[in-house]
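[1] Generate a structure from the sequence data that follows.
(one chain, ligands or ions: 1)
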Amino acid sequence: MAEHPNVIKELGTIFSALSKNPALTPEKAQGLGLLGGLYLKAAGAHEKGEPTAWISFGIPPEIFWAMDIVPVVDLNLATISLIPGKVEKYIDLATEAVPDYICSTNRIPLGLALSGDAPLPNIWVVQNAPCDSIPGLDSAMAKYFGIPYYSVHVPYVNSPLGYEYTARDLKKMIAWVEGQTGRKLDVGRLKGAVQHSSRAHELMLKIREMAMLVPTPCSLNENRLAYTAMIQLAGTPEVVNYLQMIYDRAQDRLSGKLPYPIQEKLRIAWIYTVPTYSPGLIVDYMANEYGAISLTFMLNNMLVPPVKGDLDYEEMMLWLAQKVCNMPMTRECRGPWEVYADSALDLVQNYKADGAIFSGHTACKSNWAAAKLVKDKILEEAGVPTLNLETDFIDGRVTPGEAVRDQLIEFMALIQRNKRSREEKNQAASR
Ligand code: SF4
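    Model prediction:
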């Protein structure tokens, strides 16, 4: 009987090898190296019989690093899609068991589990947000595969009371993880992890400000893996070094030591996800054909303030709870429509974008429900057009790169006209 591959180990080996490619920029190479290292650590822990955890993208990895448990974000196994032709098998296998309107990022772990190609974790910690896809499918999968499961509760909207509620639940979660794994949380180690995480979040905010400059010294193309690194490696010194390198290179561009990413003519904010497939027909195409630089996407818009001073246990829990509620996608994809609309508008205005692209997953029901309202609000309040693009950002078969490119051709012409007309109006007003 053929042995199953261990996809987590394979990803670790492939990303680590890719990170040594001298043709890659340091931003891309180090991002891949971090991811490869994480997956190799997770595979190694499994081989040694140490506890392993899958977590959702808002659950604080700091707690797991402080307990010596390698946290792998199950939904982020979607990074398999960075290797062409590898993800479809798992999405298709999952779609034999659940409908295709369940988020494909959720269906990938299901496909991996059904195929037997990834070792299952000892525990699974998820959140009840931002959407029904995560608690719905993950809890059913946990039951089916017999994985002990804990769901952290995140209130519908953010408030100080809500943060306290989530902080209490995080403490219960820690007790549960201790009971399941026998690993005790060392508060001293948690302090260290929170300090590293705080510095990493501070750097994320500084990189964000850099990316807003015109012209931008930071492109999404270079920095896209920052989100992936933060949701799993926040709390480690490695992610701090990686973000510091991104920040320093942006500074070097400002001071003329390094060239800018491209000669920008148009500025694009991806107000939701960005397709991982067909870069040559999407992000690179826009840059090469139109000088359109992709500045950021919703997931890199990490608005978690660093900690102030030396926090005690209760204060750390409260900070981590605020973090859970404000991590990208958790912040924007739950609650009433204005929450997402305001954050998308902020993105467009702060980054001085000429065009916004909502690359919406078919599974993201709440954001699709508001998509037209958001588009109208951005046009009314920022004067900027939005392209509502129906995609699955991982599965290129849903809207192939050629189809996206065809929509981009029309959209680029629209934003070029819109930009000219805004500039003419501004010139007339200043006369
Ligand atoms: S909000 Fe959308 S992309 Fe995010 S997990 Fe839910 S369905 Fe998937």
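[2] which bits of the protein sit near the ligand?
    For the chain, the residues in contact with the ligand (Cβ under 6 Å from any ligand atom) are 103, 105, 130-131, 133-134, 329, 333, 361, 363-364. (Each C-beta comes from the backbone N, C-alpha and C, glycine too.)
[3] change it to 8 Å
    Of all the residues in the chain, those in contact range of the ligand (Cβ under 8 Å from any ligand atom) are 57, 75, 102-106, 130-134, 273, 329, 333, 361, 363-367, 393.
[4] In strands only, show me those residues.
    By the criterion of DSSP state E, membership of those in strands covers residue 361.
[5] Can you tell me which of the residues of the chain next to the ligand are buried?
    Burial of the residues of the chain next to the ligand was assessed by neighbour count (16 or more other Cβ atoms under 10 Å); the buried members are 57, 75, 102-106, 130-131, 133-134, 273, 329, 333, 361, 363-367, 393.
[6] Low-confidence regions, the stretch 151-300 of the chain specifically.
    Within the stretch 151-300 of the chain, no range satisfies pLDDT under 70.
[7] OK, now which residue of it is nearest to the ligand?
    Across the stretch 151-300 of the chain, no residue is closer to the ligand than residue 273, which sits at 6.5 Å (Cβ to the nearest ligand atom).
[8] Go ahead and confirm that residue touches residue 300.
    No. In this structure, residue 273 sits apart from residue 300 without contact. The criterion is Cβ atoms under 8 Å, and the distance is 10.9 Å.
[9] that older thread, mind checking how far the residue lying closest to the residue of the stretch 151-300 of the chain closest to the ligand once chain neighbours are set aside is from residue 380?
    For residue 273, ignoring the flanking residues on the chain, the nearest one in space by Cβ to Cβ, 6 or more residues apart in numbering is residue 393 at 4.1 Å. Summarising the geometry, the distance separating residue 393 from residue 380, computed by Cβ to Cβ, to the nearest Å, is 27 Å.
[10] again with residue 99
    Counting by Cβ to Cβ - residue 99 and residue 380 are separated by 36 Å.
[11] Residue 343 too?
    Shown here: residue 343 relative to residue 380, a distance of 16 Å by Cβ to Cβ.
[12] Was I right to think the residue nearest to residue 273 contacts residue 274?
    Yes. With contact taken as Cβ under 8 Å, residue 393 and residue 274 are classed as touching, separated by 6.5 Å.
[13] Now list whatever residues contact both of those two.
    Counting by Cβ atoms under 8 Å, 6 or more residues apart in numbering, the common neighbours of residue 393 and residue 274 are residue 359.
[14] can you pull out the strands in the stretch 101-250 of the chain?
    For the stretch 101-250 of the chain, the strands defined by DSSP state E, counting those that start in this stretch cover 123-127, 149-152.
[15] which of those sits most buried?
    Per residue and on average, the most neighbours among these fall to strand 123-127, with a mean of 24 (mean count of other Cβ atoms under 10 Å).
[16] what pairs with that strand, and is each one parallel or antiparallel?
    Strand 123-127 has the following sheet partners, assigned by DSSP bridges: strand 52-55 (parallel), strand 149-152 (parallel).
[17] contacting residues around it?
    Identification of contacts with strand 123-127 by Cβ under 8 Å, 6+ apart yields 51-56, 58-59, 74, 134-135, 138-139, 142, 147-154, 173, 177, 180-181, 324, 330.
[18] domains of the protein?
    In the assignment given by automatic domain parsing, the structural domains of the chain cover 7-175, 262-430.
[19] Of those domains, which is nearest residue 215?
    Each of the domains of the chain was scored for nearness to residue 215 using Cβ to Cβ, and the closest is domain 262-430 (4.8 Å).
[20] Centre of the chain to that closest one, how far?
    A distance of 13 Å separates the C-alpha centroid of domain 262-430 from that of its chain, computed with Cα atoms, centre = their mean, to the nearest Å.
[21] let's have the chain start at 19 instead
    Happy to do that; since the first residue is 19 now, the last one works out to domain 280-448.
[22] For the stretch 269-418 of the chain, which segments count as strands?
    Using DSSP E, counting those that start in this stretch, the strands of the stretch 269-418 of the chain run over 284-288, 310-315, 373-379, 404-409.
[23] okay, the angle between the shortest one and strand 373-379?
    Put plainly, it is strand 284-288. Between the direction of strand 284-288 and that of strand 373-379, the angle (axes from the mean of the first three to the mean of the last three Cα atoms, to 10 degrees) works out to 30 degrees.
[24] Tell me what angle strand 284-288 forms with strand 310-315.
    If you take the same axes, to 10 degrees, strand 284-288 sits at 30 degrees to strand 310-315.
[25] What strands line up against strand 284-288, and which way round?
    strand 310-315 (parallel), strand 373-379 (parallel).
[26] Go through this protein and flag its longest helix.
    What stands out as the longest helix in the chain, according to DSSP state H, is helix 419-448.
[27] Stretch 413-430: which residues count as buried?
    413-414, 416-417, 419, 421-423, 425-426, 429-430.
[28] Perfect, that will be all.
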